[in-house]
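[1] Output the structure for:
(one chain, ligands or ions: 2)
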Amino acid sequence: MEIKVITKSKEQTKELGLKLGKLAKPQMVFTLTGDLGAGKTTLTQGIAKGLNIEKTVSSPTFTICKIYHGRMDLFHFDAYRLEGLHQDLGFEEMIQGDGLTVIEWPMYIEELIGDEYLEIEIRLLDEDEREFVLKSNGKQYEELLGELTI
Ligand SMILES: Nc1ncnc2c1ncn2[C@@H]1O[C@H](COP(=O)(O)OP(=O)(O)OP(=O)(O)O)[C@@H](O)[C@H]1O
Ligand SMILES: [Mg+2]
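    Ligands and ions are numbered 1, 2, ... in the order given. Below you'll find the model as predicted:
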């Protein structure tokens, strides 16, 4: 299943994230692709809110992964700095843990991501306008998209 959503501000993007966070179940994986400044971290801030996480999610660029505790844990990856570095950094355990894993720049840790995940592609349409293409890979993600009300 594929759903397209257009947002016209970062607040609207956080709203979309909030809805996705509310629908997330343990062990789910969301991948976020899109250019620098597309809105991957902004969407993740909304997702965190949907998990009842009170801390503000910031860009984890220099740490690769940050963990936040809420209704369930959020593992927020930003693999940007891992480009070309195919090393076992011990992230599998985290991804298989009970939280929700959200990955910015998933192409750089492709080998860690299984067959089932929610693929979120962000396209820049205008300064404040973004198109989100949400694509399910696997049954539980199809169900999630089926429950999403825009
Ligand atoms: N509709 C929108 N949705 C999300 N962000 C928007 C929107 N319109 C404008 N913006 C702005 O775009 C920027 C998005 O930044 P953000 O850090 O979320 O991007 P990113 O995809 O995580 O980038 P990076 O690849 O550097 O991590 C913010 O400055 C935000 O204010
Ligand atoms: Mg980011």
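[2] measure the residue nearest to I6 when sequence neighbours are not counted to G39 for me?
    Nearest non-adjacent residue to I6, counting by Cβ to Cβ, 6 or more residues apart in numbering: E131, 5.2 Å away. For every residue, glycine as well, the C-beta is placed using N, CA and C. Remark: distance between E131 and G39 (Cβ to Cβ, to the nearest Å) = 10 Å.
[3] what residues are shared contacts of these two?
    Common neighbours of E131 and G39 are listed as I122 (criterion: Cβ atoms under 8 Å, 6 or more residues apart in numbering).
[4] and the two? which has more neighbours close in?
    G39 (25 against 15; other Cβ atoms under 10 Å).
[5] OK, contacts around the more buried one?
    By Cβ under 8 Å, 6+ apart, the residues touching G39 are 7, 10, 13, 122, 130.
[6] Secondary structure class of T56, three-state.
    The three-state label given to T56 by DSSP: H, G, I helix; E, B strand; the rest coil is coil.
[7] can the one helix or strand K4 maps to be found next to ligand 1?
    Applying DSSP states H and E as the criterion places K4 in strand 2-7. Yes - counting by Cβ under 6 Å from any ligand atom, ligand 1 has neighbours in strand 2-7: T7.
[8] And stretch 64-84, end to end?
    End-to-end distance for stretch 64-84: 14 Å, by Cα to Cα, to the nearest Å.
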